[in-house]
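**Q** task: produce atomic coordinates for the following.
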Amino acid sequence: ICIRYRSKPIKFLIFLLSSQFFTEYCWIDWIFNRLLAMQFSQFADYHTHTPLCRHAEGNPVDYAKRAIEIGLDEIGFSDHSPMNNDGFDEWRMLKSEFPSYLQSIKDAQKELPNIPIKLGLEVDYFEDGHEWIEELSQMADYDYLIGSVHYIAPGFDIDNPKWIGRWSGIAEVEDIWESYWRIYTSCIKSGFFDILAHPDLPKKFGHRPSGSLKRFYDPAIEAAKEADVCIEINTAGWRKDCNEQYPEKEFLEMMLEAEIPISINSDAHSPIDVGMDFEKAAKLAYEIGYNKTVRFNKRQRTEIPFSI
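**A** Got it, this is the predicted structure:
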């Protein structure tokens, strides 16, 4: 049997792997788990959720245990931020639950001291919501804040399946993409965030405008370069209708040219999602030309080399 790890063959004799010693004492599982751990040890997963968002399962301890199991170097939590007034939508923690969120991260850090567990928050960006975002940013001693755009108009969160009927024609798709990228670029320029989430989210259900999409990408790339902000490769796209990472390859190539740093994240909503498709994302990034990822501590960014 020949296994390739970082382009180097690792050979195991078939008779040894199938021997009574290996099968009885689970050495095959042990070997493959160690290889998996080596593969993941260069990365951190900073985009994960908790049950407080009402569409995720498993507590932070479960996510962190999964991170240890697959060999991640760090894990961070970034559940959907509360709004100043409860009842805004049905997929985020209540304002009154924010202390419980913080405590759940502290509990995980205490129970699992052998892996760095970082505190973050995924904050929905609204152009008229700067005052609340500023207040949120002072409510805890974060390691990082992730900025994201889901709403392009009151009550219209574009990735929500219940609004799929609004993507009814070419004009609607063009208008949605135009509105989204205008707000996303404002999100980048705001300076509130350390990481920007799933850039081309409007493609989630497979809808893309015709023609070159650089007309949407260029302003965001320019803003990200000027703001010196990190943009994630979000592997959840491979689990959606678009069946592609966020952002697409062309956007990643533009990021590399502009020297915008990357963070590879899973957007995990269950423990099994942690680190999912990291191999695929890292390989894509490396082939494009990236050889560094990032770490955050108390909102200070450092770069970490990686290889495939």
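**Q** can you spell out which helices and strands pack onto the lengthiest helix in the chain?
**A** The residue-count maximum for a helix in the chain (DSSP state H) belongs to helix 170-189. Helix 170-189 makes packing contacts with strand 146-148, strand 151-153, strand 195-196, helix 214-227 when contacts are defined by 3 or more Cβ pairs under 8 Å, 6 or more residues apart in numbering; DSSP states H and E. Every residue, glycine included, has its C-beta placed from N, CA and C.
**Q** looking at these, which is closest to residue 287?
**A** helix 214-227 (19.5 Å; Cβ to Cβ).
**Q** C-terminal to the closest one, what's the next element?
**A** Sequence-wise, the next helix or strand beyond helix 214-227 is strand 230-234, with elements assigned using DSSP states H and E.
**Q** that following strand: how far from the chain's middle?
**A** Averaging C-alpha coordinates over strand 230-234 and over its chain gives two centres that are 6 Å apart (Cα atoms, centre = their mean, to the nearest Å).
**Q** what's it packed up against?
**A** Other elements packing on strand 230-234 under the criterion 3+ Cβ pairs under 8 Å, 6+ apart are strand 195-196, strand 262-265, helix 278-288.
**Q** let's see 7 Å
**A** For strand 230-234, the contact count by 3 or more Cβ pairs under 7 Å, 6 or more residues apart in numbering; DSSP states H and E identifies strand 195-196, strand 262-265 as packing neighbours.
**Q** what's the mean pLDDT across the last one?
**A** Confidence for strand 262-265, expressed as mean pLDDT, is 98.
**Q** circling back to that earlier point, just send the helices and strands packed on strand 230-234 back as CSV, with distance to residue 146 too.
**A** Listed next are the helices and strands packed on strand 230-234 as CSV, based on distance: least, Cβ to Cβ, whole Å:
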stretch, distance to residue 146
strand 195-196, 5
strand 262-265, 8
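**Q** where does the prediction get shaky in this protein?
**A** Using pLDDT under 70 as the threshold, the predicted model of the chain has low-confidence ranges 1-39, 169-171.
**Q** ranges for the helices of it?
**A** According to DSSP H, the chain carries its helices in the segments 14-17, 20-24, 27-40, 60-70, 98-111, 130-137, 170-189, 214-227, 249-257, 278-288.
**Q** count the residues that sit near the residue nearest to residue 172 when sequence neighbours are not counted.
**A** Across the structure, with Cβ to Cβ, 6 or more residues apart in numbering as the measure, the residue nearest residue 172 apart from its sequence neighbours is residue 166 (6.4 Å). Using other Cβ atoms under 10 Å as the criterion, residue 166 is surrounded by 14 other residues.
**Q** how far away is residue 166 from residue 158?
**A** Here residue 166 is placed at a distance of 8 Å from residue 158 (Cβ to Cβ, to the nearest Å).
**Q** and what of residue 139?
**A** Distance from residue 139 to residue 158, counting by Cβ to Cβ: 27 Å.
**Q** which of those two has more neighbours?
**A** Summary of the neighbour comparison: residue 139 and residue 158, criterion other Cβ under 10 Å, with residue 158 having more neighbours (21 against 14).
**Q** and that one, what does it touch?
**A** Applying Cβ atoms under 7 Å, 6 or more residues apart in numbering to residue 158 gives the contacts 150, 152, 176, 180, 201, 202.
**Q** out of those residues, which is most surrounded?
**A** Neighbours here mean other Cβ under 10 Å. Within the contacts of residue 158, the largest count is held by residue 202, at 25 neighbours.
**Q** need the contact list for that residue.
**A** Residue 202 makes contact with 158, 176, 177, 180, according to Cβ under 7 Å, 6+ apart.
**Q** next: residue 192.
**A** 133, 137, 145, 147.
**Q** hmm, 6 Å instead?
**A** If a contact means Cβ atoms under 6 Å, 6 or more residues apart in numbering, then residue 192 has residue 133 as its contacts.
**Q** could you report the distance from it to residue 78?
**A** Distance from residue 192 to residue 78, counting by Cβ to Cβ: 14 Å.
**Q** how about residue 146?
**A** With distances defined as Cβ to Cβ, the gap from residue 146 to residue 78 amounts to 5 Å.
**Q** can you pull the residues that touch both of these two?
**A** Both residue 146 and residue 78 are in contact with residue 122, where contact means Cβ under 6 Å, 6+ apart.
**Q** please name the bridge partners of the nearest residue to residue 231 once chain neighbours are set aside.
**A** Residue nearest to residue 231 in three dimensions, not counting chain neighbours: residue 196, with 4.7 Å by Cβ to Cβ, 6+ apart. The partner list for residue 196 in beta bridges (DSSP bridges) reads residue 147, residue 231.
**Q** burial check on residue 196, number of neighbours?
**A** A count of neighbours around residue 196, defined by other Cβ under 10 Å, yields 25.
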